[in-house]
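# Predicted coordinates and the sequence they were generated for:
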2 protein chains.
Amino acid sequence: MVLGSPESCSDPVRCSSLLKDDVLLDAPAQDTSSMEDFIHQSMAVVLEEAVKKATDVREKVCEWRPPEELMELLDLELRDKGESDSKILERCRDAIKYSVKATHPRFFNQLFAGMEPYSLAASFITEALKPSLYTYEVAPVFTLTEDAVLRKMREMIGWEEGGDGIFNAGGSMSNMYAINLARHRQCPNIKEHGSSAAPPLVLFTSQECHYSISKAAALMGIGTKNVYAVPSDDRGKMVPSALQEQIQTAKSKGEVPFMVNATAGTTVLGAFDPLDAIADVCEKHDLWLHVDVIDSVSWNPHKMLMVCLQCSAFLVRDMTSLLQRSHSARASYLFQQDKFYDVSYDTGDKSVQCSRKPDAFKLWLMWKALGSRELEQRVDRALAMARYFAEEIKKREGFRLVMEPEFENICFWYIPPSLRNLPDGPEFWKKLHNVAPVIKERMMKTGSMMIGYQPHGDKPNFFRMVVISPQVSRQDLDFVLEEMHHLGQDL
Amino acid sequence: MVLGSPESCSDPVRCSSLLKDDVLLDAPAQDTSSMEDFIHQSMAVVLEEAVKKATDVREKVCEWRPPEELMELLDLELRDKGESDSKILERCRDAIKYSVKATHPRFFNQLFAGMEPYSLAASFITEALKPSLYTYEVAPVFTLTEDAVLRKMREMIGWEEGGDGIFNAGGSMSNMYAINLARHRQCPNIKEHGSSAAPPLVLFTSQECHYSISKAAALMGIGTKNVYAVPSDDRGKMVPSALQEQIQTAKSKGEVPFMVNATAGTTVLGAFDPLDAIADVCEKHDLWLHVDVIDSVSWNPHKMLMVCLQCSAFLVRDMTSLLQRSHSARASYLFQQDKFYDVSYDTGDKSVQCSRKPDAFKLWLMWKALGSRELEQRVDRALAMARYFAEEIKKREGFRLVMEPEFENICFWYIPPSLRNLPDGPEFWKKLHNVAPVIKERMMKTGSMMIGYQPHGDKPNFFRMVVISPQVSRQDLDFVLEEMHHLGQDL
């Protein structure tokens, strides 16, 4: 399929010979039909190995190899000479074999899971067409589907009257957008003059918030120290009175509060900050509130809605083009104003990216296929599954909930028989802390399931179970508890 | 394929019935075999419409519809009820039909083009498996292939001794990484304390540079005014003596220069800044030089190497973990230090993203298939094609080069017969300025080809032709010139 020659060209109109600097210019330098054959064959491998086998509950979730061993197996080196198509298909099979199957019914390790066929079909389309979203003229379908999805998402938030938004490469980036819009509203000069002459701006978020807020503060010249970590209660919810106090403290130090970031479903505990009470505090101090219905929201449909990675929307209630004003650079080679169509459909200058993938299309096609009602039922089912799992934990010996779940995250300890008679206290907690890493190691090496663990505050390592996918059954949840006991009973 | 029932479950072990809060928990709520059928059918549509037809030179590059008309055609609204699989497949066909075919041999509108089958197969794999790169345990294959590709890219730059790097969601983000590392080297305190207490940092880039540098400066609290636009010569290359002068000016004003961004292949003219001379200036002033072999490089293999969008690497020569130190936030739920494997393979904390797509894998698989030599030949062929095109322009009446090309960009005017006898002067340039937008409109409506245009400095609108793909033949280039005359001869 490499360098073509006139003889191999299937289109006689395009085939004669002409050399320029010793390079054959006539005829495409690639044989189209063998290219199509390869794509067809690779699709068969993907369907068999990465779809059917990857989602089969009887197969392993992962085929663990330590880094050094996997390096050998994959033969990573990139050489001068290429390889045959059959060799490349073998490499495809190997890559799939040794990859973690995030779509397997027993993958509970992340806040995403499951195989979603409609968004996958949409992914295949966009990968093959390779569109980039910046102007209507190069991505008409994907510009309009993004617009339709953003509108629907705003409607669901309750912003029927309008607003703006954009899909991004992940929720961390959506959070950056929120911070930048809030900052631009507070100090529009920073865009041009930078923050070195600006007052010390500070923002507030709960101590449970996602680490992307710190990352954004570091990258954006705000400084991680200027992110106030507001205390949360023992369920992980921000305490509004503490927020109020911290705002006062900041103001008394001459700092300028500009934003509160609230979290609806924290990463580890799945906690919801009390949005109404926080909104009251924000209103009082004229602060931008992110996540709440006031100002802006980051929403990742690649999580509970199972859209293929990545699918992350930033939504904003503003109707004064703040998104555009905060980020625009007016590149003349893309955003010419003398175009023959309505250039308000050229949305690229709202983004901090240049080329940008049409992730909204995946959600649009899936939504068309399933409808809002089915999406709602899926979320309901996942939450019912989480409640079932929590109740099973309470029933079974050797399991203990970290707290009653209020969302899809169920945090729990497995307590091996040897620790069950120890009294609660430093020795017990210290021993318990070492249990999860060992069970995790055994789980990975067996490949039977995947669940994440972490310490949290003063709590020793515990597991975080997350149920998302409708491909998960009650039996899978029972299996998790039985398998955990099986893997950890001798500890 | 929607809500399953025990009867439709194919795995008897997982099927019995249990209701929780009126939700059926037993058995997966989705019928796996119909899901696989749908994926199989969608793959057939993608292969037929988005691969074969999209790359067929006899088909249109685009099927233009204005926004309002396309909205009607696509029936964008998202409703409560879902649609049948056959209806969704029809929607897939429509989405492809009305999309621009960036892989068509006559798409020259962007700095990316062409169908690359190996990276496409890799895309299909990663879309189906939905991995996210942050820890080795969830993405072992993709962590190691990223590492191998980064190592090879550094080797090609000439950094055999080592270095670091990361793949990002586009070159704009890679440029942000460069700026942040340079800033962190200059003022490590900014990460924690923000830039409001820091000296006014300034960076230098040519006036021809990509707009992502301004966007990054705006987002990162540096300020667009603190990006010095160094004059370039009439070929678009930064003038080193002007750089030297601007650095002196900045210093005399009490500003702190921290970085020079050089460009190897500007967006419009394809100009290469004189890297050696700029490196000398940087060395003299101890400034971070981005792009050059000194400090860091942004490299987008989704452009000339044709990897499926997006595939963008940021590479850095540093061996002191600057990438990690600049961005780390040490999330304990991902980067536990008590794991059972070498956690130096958990590369996620180098990123400003959380979930991150394994874009390097697309380049890795493609490189394995083609080998370095074939990649080199492709670039050589594309440049030979560009030279051929430039010579044809010089030969043909009514065409004029904006300048001799030195890279893959060929900038030129088409001069309609009515303007050919006008003397060079304001009236001629004013009339010429209006030609490209009209030809572009006609081109889009015909769907025969796509080429971008823009004004540049004091030059009126001209076309920018870009040749990348080996699927393009000399006949396609001849066609471009003939079609342009055909579309514009009456103007």
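Looks like it arrived, so ask away. Only a predicted model underlies this, so the values are computations on that prediction, with no experimental measurement involved. Numbering: from 1, shown residues only, chains lettered A, B, ... in the order given.
# tell me, what residue is most central in chain A?
The structure's chain A has its C-alpha centroid closest to A:G170; by CA atoms, centre = their mean the separation is 5.1 Å.
# wait, isn't that residue in contact with B:Q353?
Yes. Taking contact to mean CB atoms under 8 Å, the distance of 4.8 Å between A:G170 and B:Q353 places them in contact. C-betas here are computed from N, CA, C, even on glycine.
# any shared contact partners between these two?
Between them, A:G170 and B:Q353 share these contacting residues under CB atoms under 8 Å, 6 or more residues apart in numbering or on different chains: B:A169.
# Can you tell me how far the residue nearest to the centre of chain A is from A:D318?
If you measure A:G170 against A:D318 using CB to CB, to the nearest Å, the figure is 22 Å.
# From A:H193, how far off is the residue of the stretch 201-350 of chain A found nearest chain B?
Here the residue of the stretch 201-350 of chain A nearest chain B is A:G221; by CB to the nearest CB that distance is 2.3 Å. A:G221 sits 12 Å away from A:H193 when distances are taken as CB to CB.
# Between these two, which is the more surrounded one?
Between A:G221 and A:H193, counted using other CB atoms under 10 Å in any protein chain shown, the more crowded position is A:G221 (30 against 18).
# and that one, what is it in contact with?
Contacts for A:G221 (CB under 8 Å, 6+ apart) come out as A:194-195, B:190, B:194-196, B:220-222.
# repeat for A:E161
By CB under 8 Å, 6+ apart, the residues touching A:E161 are A:M319.
# Over to the one 10 residues further on?
Contacts here follow CB under 8 Å, 6+ apart; on that basis A:G171 touches A:210, A:212, A:298, A:300, A:312, B:354-355.
# are any of those residues buried, and which?
Applying a neighbour-count criterion of 16 or more other CB atoms under 10 Å in any protein chain shown, the buried members of the contacts of A:G171 are A:210, A:212, A:298, A:300, A:312, B:354-355.
# any chance of these in JSON lines, with distance to A:V138 and pLDDT too?
As requested, these are arranged in JSON lines below (distance: CB to CB, whole Å; pLDDT from 0 to 100):
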{"residue": "A:H210", "distance to A:V138": "33", "pLDDT": "86"}
{"residue": "A:S212", "distance to A:V138": "30", "pLDDT": "89"}
{"residue": "A:S298", "distance to A:V138": "27", "pLDDT": "87"}
{"residue": "A:N300", "distance to A:V138": "26", "pLDDT": "90"}
{"residue": "A:S312", "distance to A:V138": "22", "pLDDT": "89"}
{"residue": "B:C354", "distance to A:V138": "29", "pLDDT": "83"}
{"residue": "B:S355", "distance to A:V138": "26", "pLDDT": "83"}
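# tell me which of those residues is nearest to A:V268?
For A:V268, the nearest member of the buried ones among the contacts of A:G171 is A:H210. The distance, counting by CB to CB, is 9.8 Å.
# List the contacts of that closest one.
With contact set as CB under 8 Å, 6+ apart, A:H210 has these partners: A:171-172, A:175, A:263, A:266-267, B:354.
# Those residues: which two are farthest apart?
Longest span within those, CB to CB: A:S172 and A:T266, 15.0 Å.
# what ranges do the helices span in the stretch 351-491 of chain A?
Across the stretch 351-491 of chain A, reading from the start of the chain, the helices by DSSP state H, counting those that start in this stretch fall at A:360-395, A:426-433, A:435-446, A:474-488.
# in the first one, what counts as buried?
Read that as helix A:360-395. Residues A:360-371, A:374-375, A:377-378, A:381-390, A:392-393 are the ones in helix A:360-395 that count as buried (16+ other CB under 10 Å).
# check those residues against chain B, which are close?
With CB under 8 Å from any CB of the partner chain as the criterion, those include A:361, A:364-365, A:367-371, A:374, A:377-378, A:381, A:384-385, A:387-388 near chain B.
# Just want the residue of the stretch 51-200 of chain A that's nearest chain B.
The shortest separation between the stretch 51-200 of chain A and chain B is 2.8 Å, found at A:G194 (distances taken as CB to the nearest CB).
# Does that residue touch B:L203 like I think?
No. If you go by CB under 8 Å, A:G194 and B:L203 don't touch, sitting 10.7 Å apart.
# Any chance you could list residues touching both of the two?
Applying CB under 8 Å, 6+ apart, one finds that A:G194 and B:L203 are jointly contacted by B:217, B:222, B:226.
# quick one: which of these is most hemmed in?
For the shared contacts of A:G194 and B:L203, neighbours tallied by other CB under 10 Å; top is B:I222, 31 neighbours.
# which residues sit in contact with the nearest residue to that residue once chain neighbours are set aside?
On the basis of CB to CB, 6 or more residues apart in numbering or on different chains, the spatially nearest residue to B:I222 that is not a chain neighbour turns out to be A:G194, at 4.8 Å. Applying CB under 8 Å, 6+ apart to A:G194 gives the contacts A:221, B:195, B:200-201, B:217, B:221-223, B:225-226.
# Now do A:G194, the pLDDT please.
With respect to pLDDT, A:G194 scores 95.
# cool, and A:E7?
Listed pLDDT for A:E7 reads 41.
# And the one 4 residues further on, by the same measure?
At A:D11 the predicted local distance difference test score is 47.
# Over to the one 4 residues further on?
The model reports A:C15 with a pLDDT of 43.
# For the nearest residue to A:S355 once chain neighbours are set aside, give me the pLDDT.
In space, and not counting its chain neighbours, A:S355 is closest to A:S132: 4.0 Å by CB to CB, 6+ apart. Each residue has a pLDDT score; the one for A:S132 is 91.
# SS state for A:S132?
coil (DSSP: H, G, I helix; E, B strand; the rest coil).
# That one touches A:L334, doesn't it?
No. Applying CB under 8 Å as the test, A:S132 and A:L334 come out as separate, 10.2 Å apart.
# number of nearby residues for A:L74?
So A:L74, with other CB under 10 Å, has 20 neighbours.
# Just confirm it contacts B:D147, I think it does.
No. With contact defined as CB under 8 Å, A:L74 does not reach B:D147; the gap is 10.8 Å.
# Which parts of chain A are strands?
Across chain A, reading from the start of the chain, the strands by DSSP state E fall at A:19-20, A:23-24, A:107-108, A:164-168, A:201-206, A:227-230, A:256-261, A:288-290, A:296-299, A:312-316, A:399-401, A:409-414, A:450-456, A:459-466.
# so can I have CSV of these showing distance to B:P240?
Shown next, in CSV, are these (distance: least, CB to CB, whole Å):
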stretch, distance to B:P240
strand A:19-20, 33
strand A:23-24, 33
strand A:107-108, 54
strand A:164-168, 37
strand A:201-206, 37
strand A:227-230, 41
strand A:256-261, 41
strand A:288-290, 44
strand A:296-299, 44
strand A:312-316, 41
strand A:399-401, 66
strand A:409-414, 56
strand A:450-456, 52
strand A:459-466, 55
